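Asks: can you look at this prediction? I've put the sequence above it.
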Amino acid sequence: MTTQNFIFFSMCLFFIGLFGVVVRRNIVIILMSIELMLNAANIALVAYGRELEHMGGQMAVFFVITVAAAESAVGLGLVIALFRNLKSVSTEDIELLKR
């Protein structure tokens, strides 16, 4: 497998995640799509790190995974709090909180 294959796979995953963020209305699906986008970036970082024979890509992936875990914990906490109040996890229902 060449680096171009990994980058193409990473690009496909990133755009699938971007499509999920833009099109979907469920907050849980949006959070999963953001995680997919972060994992696509991780694949690209590891592929370039492997090509350049440098450990910087893997170190950056470690920090991205740490940030993604924190984002998931905070995001799911907010989703649970919103579900308890609104009985829904749709983005259209959250717009009601702005008023």
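Replies: Structure's in. What do you need?
Asks: any low-confidence regions in the protein?
Replies: Across the chain, the ranges flagged by pLDDT under 70 are 96-99.
Asks: so which residues of it form helices?
Replies: When secondary structure is read from DSSP state H, the chain shows helices at 3-23, 27-52, 56-86, 91-94.
Asks: redo the ones you listed as TSV? Include mean neighbour count.
Replies: All C-beta atoms are positioned from the backbone trio N, CA, C, and that covers glycine. Output for these, formatted as TSV (neighbours: other C-beta atoms under 10 Å):
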stretch	mean neighbour count
helix 3-23	14
helix 27-52	18
helix 56-86	13
helix 91-94	13
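Asks: assess the claim that Ala40 and Leu18 are in contact.
Replies: No - Ala40 lies out of contact with Leu18 (C-beta atoms under 8 Å); the separation is 9.3 Å.
Asks: next one: the nearest residue to Leu86 once chain neighbours are set aside from Gly20, what distance?
Replies: Take Leu86 and drop its neighbours on the chain: the residue closest to it by C-beta to C-beta, 6 or more residues apart in numbering is Asp93, 5.0 Å away. When distance is defined by C-beta to C-beta, to the nearest Å, Asp93 is 19 Å away from Gly20.
Asks: quick one: Gly17 from Glu35, how far?
Replies: 8 Å.
Asks: contact partners for Arg50?
Replies: Thr3, Gly57 (C-beta atoms under 8 Å, 6 or more residues apart in numbering).
Asks: mind checking how far it is from Val61?
Replies: Taking C-beta to C-beta, one finds Arg50 at 11 Å from Val61.
Asks: how about Ala41?
Replies: 9 Å.
Asks: so Val64 touches Ala41, yeah?
Replies: Yes - judged on C-beta under 8 Å, Val64 makes contact with Ala41 at a distance of 6.5 Å.
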